[in-house]
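Asks: What follows is a predicted structure for the sequence shown.
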Amino acid sequence: MPTDVERRSPDRHSPEVLLLAGAVGASDDPFWLSLAANLLERGVYFVCDEQQDLPVEWPADLSGLRAILVSADAWAALWRSGAEARARVEAFLRGGGYLQVVAPPAGAAGLDGYYRNVLYDVDNQHRVMTLLGRAPKLGLFPAGLRQRQESRSAAALLAPIRRQLLAYLARPRPFNEYQLHWGKTAAALAARGDEEVAAAYAAFIRGVFDGPYRPRHHDHLGALFGAAWLARERNDHSALEAARGPLDAYLRGGLRVDGVHAGSTTWDEQPRVLNEPAAPEAAAGAFPHPGAGRMLWTETLHMQAGPLAAFARAAGDTRYLDEALRLAEALRAGLIRPDGLFMHAGEDGRARGGAWGRGQTHALYGLLYILEELPPGHPAHPVLVRVLDDVGRALRRYQDADTGLWRNLVPHPDARVESSATCGIVVVYAHCVRAGWLPRADYLKMLQRAWRGLRWMYWRGGLGAQCRGSFIAPDAAYYLGRPQGWAWVPQFAQALRDMSAIEQTDPRRAS
């Protein structure tokens with residue numbers, strides 16, 4: 001039986017929308033990435049070449065197009081190009097075509113990158129909604145778009161991610177969560193024999209720890225995975241030894257909830273109202289932040305537990321693994337809802353935040369990363385696998401029938417579909433199926449549908465339909481209103497690795 005998308009989508013094989021930025025290189029401008037992402041999220045077929053570059057010149061033939069979104073510069077160039085070109089556009093408009101001259105919001109370029117992208121996403125969401133209202137005959141996920149997005153080879157999908165990975169590894173960065181995300185990707189490629197990536201990652205980790213290391217919250221622990229990798233794969237224990245003392249200090253001084261490290265340490269690393277300067281005592285790390293309360297949230301399991309487990313294995317010290325397992329147990333006991341999903345956070349046993357999509361994957365990544373580091377026969381293994389299976393069964397009930405993606409607020413039918421959560425679900429469950437920890441028959445169809453949806457959202461090495469991020473909120477409205485756009489998702493390379501292996505060994509390979 002055809003899905004709702006297939007019923008409302010004509011069998012169109014040509015793009016219906018022209019995005020004309022009018023400048024070489026504009027395809028990688030954050031504004032145009034956001035606009036392309038918002039169109040892909042809603043299944044609008046727009047013109048691009050095999051490398052996913054947007055056109056920079058007006059085409060000679062506008063037939064078949066239903067809408068044009070054009071930069072002010074390209075619009076001005078049209079009026080300089082002569083009467084014949086202008087006549088083509090006038091004929092397009094007389095025939096019912098829709099045209100909008102677009103530009104980034106005033107002042108956006110001066111904002112910090114995160115807030116600039118949030119503004120672009122909100123602006124482009126409105127723009128695309130206007131487009132769909134003014135050009136209602138656009139096909140949603142037409143055959144041509146599906147074929148174009150799904151036909152890209154594994155090599156073509158991986159190449160931009162690999163280039164960005166090497167660029168990221170070219171210089172040490174401040175300690176942050178992406179040292180875990182890119183590090184896991186680097187390790188995955190190195191394990192497949194990519195020696196250039198392996199050498200770059202080794203040099204990166206050495207550079208990261210060639211200086212003081214003072215982790216203050218869970219985002220700062222991502223580099224520990226690299227230190228462990230360097231010790232195991234390169235027999236270089238320098239980063240491991242450099243990290244051990246600061247890590248021990250972090251664990252001793254951290255804020256704890258019922259004996260579980262809550263992922264942060266002192267006042268000076270917590271958000272302050274109106275950038276209030278830290279007191280001298282706070283700068284010295286004397287005071288815990290009183291607003292931290294007794295909250296646990298899923299991000300901590302992802303960013304803290306996985307690196308601790310890797311560090312434990314490389315260092316041969318079970319204290320760090322025990323710390324990771326205590327955190328996993330606290331989230332299992334306190335954050336799983338009656339429907340089987342993770343709530344985003346909890347405080348004193350009360351739910352804080354909804355069943356945020358990426359919140360699910362923060363927890364799932366953490367569980368997977370612990371499993372990867374457990375010694376054979378460890379008693380925690382079946383317990384963690386059971387949690388993954390229980391959450392996976394809950395997730396299957398909420399997978400979007402049309403796209404295969406999950407929603408930003410997973411059980412809410414009006415929430416937007418979201419790609420970073422879907423990517424995490426694919427990474428975790430594909431790995432578990434390949435490892436034999438979960439039944440292939442139970443998860444294959446779910447994974448194949450999700451992988452198809454991710455390929456629909458793939459654009460220039462990143463993914464559209466990606467939530468910009470969420471703090472913890474008491475109601476659904478906050479999560480439903482989060483802006484979405486384009487961003488790098490390094491873990492896509494891990495999903496590609498495992499899904500390629502699964503589909504190669506499945507007689508019913510996904511088309």
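Replies: Arrived safely, thanks for sending.
Asks: Could you pull out the buried residues of the helix or strand where Tyr479 lies?
Replies: Taking DSSP states H and E as the criterion, the element that holds Tyr479 is helix 476-480. In terms of neighbour count (16 or more other Cβ atoms under 10 Å), helix 476-480 has its buried residues at 476, 478-479. All C-beta spots, glycine's among them, are computed from the backbone N, C-alpha and C.
Asks: Can you give me the domain assignment for the protein?
Replies: Domains of the chain are assigned by automatic domain parsing as 4-150, 154-266+297-504.
Asks: Could you identify which of those domains has the lowest mean pLDDT?
Replies: Ranked by mean pLDDT, the domains of the chain bottom out at domain 4-150, with a mean of 90.
Asks: And Ala87, how far from Ala67?
Replies: Separation of Ala87 from Ala67 (Cβ to Cβ, to the nearest Å): 19 Å.
Asks: who's more crowded, these two?
Replies: Neighbour count, other Cβ atoms under 10 Å: between Ala87 and Ala67, Ala67 has more, with 22 against 10.
Asks: Tell me what that one is bridged to.
Replies: Using DSSP bridges, the bridge partners assigned to Ala67 are Val17, Tyr98.
Asks: what's near enough to touch it?
Replies: Listed by Cβ atoms under 8 Å, 6 or more residues apart in numbering, the contact partners of Ala67 are 16-18, 97-100, 131, 134-135, 138.
Asks: which residues of the stretch 151-300 of the chain fall in strands?
Replies: For the stretch 151-300 of the chain, the strands defined by DSSP state E, counting those that start in this stretch cover 256-257, 260-261, 295-297.
Asks: now the second one, how far from the centre of its chain.
Replies: I take that to be strand 260-261. Here strand 260-261 is found 26 Å from its chain centre; the criterion is Cα atoms, centre = their mean, to the nearest Å.
Asks: Next one: Ala106 from Asp123, what distance?
Replies: Ala106 sits 10 Å away from Asp123, taking Cβ to Cβ as the criterion.
Asks: Between those two, which has more neighbouring residues?
Replies: Taking Ala106 and Asp123 together and counting by other Cβ under 10 Å, Asp123 has the greater number of neighbours (20 against 7).
Asks: so what's the most centrally placed residue in the chain up against?
Replies: The centroid of the chain falls nearest to Ser420 when counting by Cα atoms, centre = their mean (3.4 Å). Contacts for Ser420 (Cβ under 8 Å, 6+ apart) come out as 357-358, 361, 463, 466-467, 487, 489.
Asks: Please narrow those to those residing in strands.
Replies: 463, 466-467, 487 (DSSP state E).
Asks: first to last residue in stretch 345-361, what's the distance?
Replies: Its first and final residues considered, stretch 345-361 spans 13 Å by Cα to Cα, to the nearest Å.
Asks: Would you mind listing the buried residues in that stretch?
Replies: Using 16+ other Cβ under 10 Å as the test for burial, stretch 345-361 gives 345-347, 351-361.
Asks: same deal with stretch 314-322?
Replies: For stretch 314-322, the neighbour count (16+ other Cβ under 10 Å) marks 314-315, 320-321 as buried.
Asks: Can you report how many residues neighbour the closest residue to the residue nearest to the centre of the chain other than its chain neighbours?
Replies: Computed as Cβ to Cβ, 6 or more residues apart in numbering, the closest residue to Ser420 that is not its neighbour in sequence is Gln466, at 4.9 Å. Other residues near Gln466 number 26, with proximity taken as other Cβ under 10 Å.
Asks: quick one on the thing from earlier: filter the ones in strands among the contacts of Ser420 down to just the buried residues.
Replies: Buried among these by 16+ other Cβ under 10 Å: 463, 466-467, 487.
Asks: need the residues you listed in a markdown table with distance to Ala159, can you?
Replies: Output for those, formatted as a markdown table (distance: Cβ to Cβ, whole Å):
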| residue | distance to Ala159 |
| --- | --- |
| Leu463 | 15 |
| Gln466 | 20 |
| Cys467 | 26 |
| Ala487 | 18 |
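Asks: how about the residues you listed, which pair is most distant?
Replies: Largest separation among those by Cβ to Cβ: Leu463 and Cys467, giving 10.7 Å.
Asks: Closest to Asp236 out of the buried residues of stretch 314-322?
Replies: Nearest to Asp236 among the buried residues of stretch 314-322: Ala314, at 10.8 Å, using Cβ to Cβ.
Asks: my guess is that closest one contacts Arg232, does it?
Replies: Yes - counting by Cβ atoms under 8 Å, Arg232 is a contact partner of Ala314 at 5.4 Å.
Asks: what about the helices in the stretch 201-350 of the chain?
Replies: 222-234, 238-253, 280-283, 298-300, 306-315, 318-335 (DSSP state H, counting those that start in this stretch).
Asks: Make CSV from these and add distance to Pro439 to it.
Replies: Conversion of these to CSV gives the following (distance: least, Cβ to Cβ, whole Å):
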stretch, distance to Pro439
helix 222-234, 29
helix 238-253, 37
helix 280-283, 51
helix 298-300, 25
helix 306-315, 24
helix 318-335, 21
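Asks: Looking at those helices, which is nearest to Ala415?
Replies: Among the helices of the stretch 201-350 of the chain, helix 298-300 sits nearest to Ala415 (Cβ to Cβ), with 17.3 Å.
Asks: tell me what the closest one is packed against?
Replies: Helix 298-300 sits against helix 318-335, helix 357-373, with contacts defined as 3 or more Cβ pairs under 8 Å, 6 or more residues apart in numbering; DSSP states H and E.
Asks: Could you check the angle the shortest one makes with helix 222-234?
Replies: Pointing back at helix 357-373 there. On the basis of axes from the mean of the first three to the mean of the last three Cα atoms, to 10 degrees, helix 357-373 is oriented at 30 degrees to helix 222-234.
Asks: Give me the next element, helix or strand, following helix 357-373.
Replies: helix 380-396.
Asks: Direction included, what does the helix or strand following that next one pair up with?
Replies: Using DSSP H and E, the helix or strand that follows helix 380-396 in sequence is strand 406-407. The pairing partners recorded for strand 406-407 under DSSP bridges are strand 417-418 (antiparallel).
Asks: check contacts around Ala231.
Replies: Applying Cβ under 8 Å, 6+ apart to Ala231 gives the contacts 237, 239-240, 314-315.
Asks: let's see it at 6 Å
Replies: Going by Cβ atoms under 6 Å, 6 or more residues apart in numbering, Ala231 touches 237, 240, 314.
Asks: Just the closest of those residues to Tyr45, please.
Replies: If you rank the contacts of Ala231 by distance to Tyr45 using Cβ to Cβ, Ala314 comes first, at 48.0 Å.
Asks: I figured Gly254 was touching Val260, is that so?
Replies: No - assessed by Cβ atoms under 6 Å, Gly254 is found out of contact with Val260, at 9.5 Å.
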